[in-house]
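Here is the input, now give the coordinates:
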Amino acid sequence: MITLRKSHDRGHANHGWLDTHHTNSFANYFDSNHMGFRSLRVINEDRVSPGQGFGAHGHDNMEILTYVLSGALAHQDSMGHVETLHAGELQRITAGTGIVHSEFHASKTEPVHFLQIWLLPDRQNLTPGYEQTALTAEQKANNFVKVAAPDGGGAMKIHQDARVFIGDVAAGKELTHAIAPGRAAWLHLIRGGVDVDGVSLSTGDSVALTEESKLAIRGRDANSGVLLFDLA
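From the prediction side, this is the model:
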């Protein structure tokens with residue numbers, strides 16, 4: 001079964017300095033039909049104005065992935081990390097027993113655009129942890145790159161039976177992904193236009209796939225970006 005989640009149906013808030021879309025219930029946006037999908041709890045698409053950002057705030061018992069799409073995001077946390085993520089870079093935080101961090105736009109002139117993703121961990125009160133990685137356009141070209149998995153294996157390690165992939169697909173090209181029995185997939189279209197098993201997606205749309213054995217994505221636009229979750 002394939003279920004479409006349109007971009008314009010997401011939660012939306014514009015705070016001036018922050019323009020944000022919520023695929024699932026988050027903050028002041030509540031939708032009992034979209035509380036998450038299996039262990040995937042949140043996909044927030046954020047655009048932050050130059051020189052603005054999120055001051056020091058806490059998280060616990062969550063696996064948090066941040067993927068910068070454009071601009072640069074300055075990060076500091078209570079684990080001692082001081083980093084700047086640029087376009088194409090990802091960060092993984094295991095909040096576990098609790099962390100405090102801040103995220104600010106690293107530029108005073110250009111906005112930053114990024115996705116923040118929350119996954120429920122497989123157990124509570126883990127030791128907090130941090131990883132960072134980068135993807136090149138060549139890696140993603142008509143290919144899925146595994147960026148997070150429970151066993152690491154070259155990807156960032158997350159504490160959940162979930163695997164996260166990022167890829168780009170050109171017009172007329174196809175990406176496929178096998179879905180094992182009992183598992184499900186969630187695909188979020190970062191940009192562009194694709195068809196997923198006959199269902200048309202545009203920028204910001206998502207589809208959930210349950211009781212399906214394969215995901216097939218065909219590109220419609222020149223360079224469409226996709227984010228895929230394979231979930232227990």
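
Do you have the helices of the protein handy? List them.
With DSSP state H as the criterion, the chain has helices at 137-140.

got the contact list for the lowest-mean-pLDDT helix or strand in the chain?
Averaged element by element with mean pLDDT, DSSP states H and E, the chain has its least confident helix or strand at strand 53-59 (a mean of 73). Contact partners of strand 53-59, identified using Cβ atoms under 8 Å, 6 or more residues apart in numbering, comprise 73-74, 93, 95, 98-105. All C-beta atoms are positioned from the backbone trio N, CA, C, and that covers glycine.

List only those of these flagged as buried.
Buried by 16 or more other Cβ atoms under 10 Å: 73-74, 93, 95, 99, 101, 103-105, out of those.

Strand partners (parallel or antiparallel) of the least confident helix or strand of the chain?
When pairing is defined by DSSP bridges, strand 53-59 lines up against strand 99-105 (antiparallel).

Kindly export the partner strand (C-alpha atoms) in CSV.
Extracted in CSV, the C-alpha atoms of strand 99-105 (Å, rounded to 0.1, in the frame of the first residue of the first chain):
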residue,chain,number,x,y,z
ILE,A,99,22.3,17.0,25.8
VAL,A,100,22.1,20.8,25.3
HIS,A,101,22.9,22.3,21.9
SER,A,102,22.4,25.4,19.8
GLU,A,103,22.1,25.9,16.1
PHE,A,104,22.7,29.2,14.4
HIS,A,105,23.1,30.4,10.9
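
what's the offset of it from the middle of its chain?
Distance of strand 99-105 from the chain centroid (Cα atoms, centre = their mean, to the nearest Å) equals 17 Å.

on that earlier part again, can you pick out the most distant pair from the buried ones among the contacts of strand 53-59?
95 and 105 (22.2 Å; Cβ to Cβ).

residues contacting the residue lying closest to residue 197 once chain neighbours are set aside?
Leaving aside its sequence neighbours, residue 197 sits nearest to residue 216 (Cβ to Cβ, 6 or more residues apart in numbering; 5.5 Å). Going by Cβ under 8 Å, 6+ apart, residue 216 touches 174-176, 196-197.

which residues does the residue nearest in space to the middle of the chain contact?
Nearest to the geometric centre of the chain sits residue 117, at 4.4 Å (Cα atoms, centre = their mean). Contacts for residue 117 (Cβ under 8 Å, 6+ apart) come out as 40, 42-44, 64-67, 164.

can you list the weak-confidence ranges in the chain?
Counting by pLDDT under 70, the ranges of the chain that qualify are 55.

domain ranges for it?
Taking automatic domain parsing as the reference, the chain has its domains at 11-135, 138-231.

Residue 3 pairs with what?
Here residue 3, judged by DSSP bridges, has bridge partners residue 208.

what about residue 130, how many neighbours?
Using other Cβ atoms under 10 Å, the number of residues around residue 130 comes to 18.

Surely it touches residue 79?
Yes. Here residue 130 lies in contact with residue 79, judged by Cβ atoms under 8 Å, at a distance of 5.7 Å.

and the least confident helix or strand of the chain, C-alpha only, in PDB?
This file holds the C-alpha atoms of strand 53-59, laid out as PDB (Å, rounded to 0.1, in the frame of the first residue of the first chain):
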ATOM      1  CA  GLY A  53      19.000  30.400  14.900                       C
ATOM      2  CA  PHE A  54      18.000  28.200  17.900                       C
ATOM      3  CA  GLY A  55      19.500  29.200  21.200                       C
ATOM      4  CA  ALA A  56      20.700  26.600  23.700                       C
ATOM      5  CA  HIS A  57      18.000  24.000  24.300                       C
ATOM      6  CA  GLY A  58      17.900  20.400  25.500                       C
ATOM      7  CA  HIS A  59      16.900  17.000  24.100                       C
END
